[in-house]
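Student: Here is the input, now give the coordinates:
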Amino acid sequence: MKITGITFLIITSVMLLLLTILASTGTGFAPVFYLMIAGQALFLITVYKVLTDDYKTSKTFKDGYQDHTPGLDE
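Tutor: Model (predicted):
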């Protein structure tokens, strides 16, 4: 099973939420520290996967944003 960049992003977000909960509930230093180190490594992997993901689109910069059509100044 291929894990895409968005899957890594979701996993990293859940880990950040877990880290925040553990740190605020008074969990010991060691588990929070090691989870933080693992989260930083996962973050770097996530950035790499998102930047190298094989994603194709037909949109260009000339298409503009989805909520604004270029050339229609109000």
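
Student: okay, CA-based contacts and neighbour counts for the rest of this
Tutor: OK.

Student: host element of residue 55?
Tutor: For residue 55, there is no helix or strand it lies in under DSSP states H and E.

Student: Distance-wise, check it relative to residue 11.
Tutor: Here residue 55 is placed at a distance of 19 Å from residue 11 (C-alpha to C-alpha, to the nearest Å).

Student: do the same with residue 57
Tutor: In this structure, residue 57 and residue 11 are separated by 25 Å, where distance is defined by C-alpha to C-alpha.

Student: circling back: between residue 55 and residue 11, who's got more neighbours?
Tutor: More neighbours surround residue 11 than the other of residue 55 and residue 11, with 16 against 9 (other C-alpha atoms under 10 Å).

Student: residues near residue 45, how many?
Tutor: Here the neighbour count serves as a burial measure; for residue 45 (other C-alpha under 10 Å) it reads 16.

Student: again, but for residue 43
Tutor: A count of nearby residues for residue 43, using other C-alpha under 10 Å, gives 19.

Student: Not counting its neighbours along the chain, what's nearest it?
Tutor: Once its chain neighbours are removed from consideration, residue 43 has its nearest residue in residue 12; the separation is 6.4 Å (C-alpha to C-alpha, 6 or more residues apart in numbering).

Student: Just the mean pLDDT for whatever helix or strand residue 30 lives in, thanks.
Tutor: Applying DSSP H and E as the criterion places residue 30 in helix 29-52. Across helix 29-52, the average pLDDT comes to 92.
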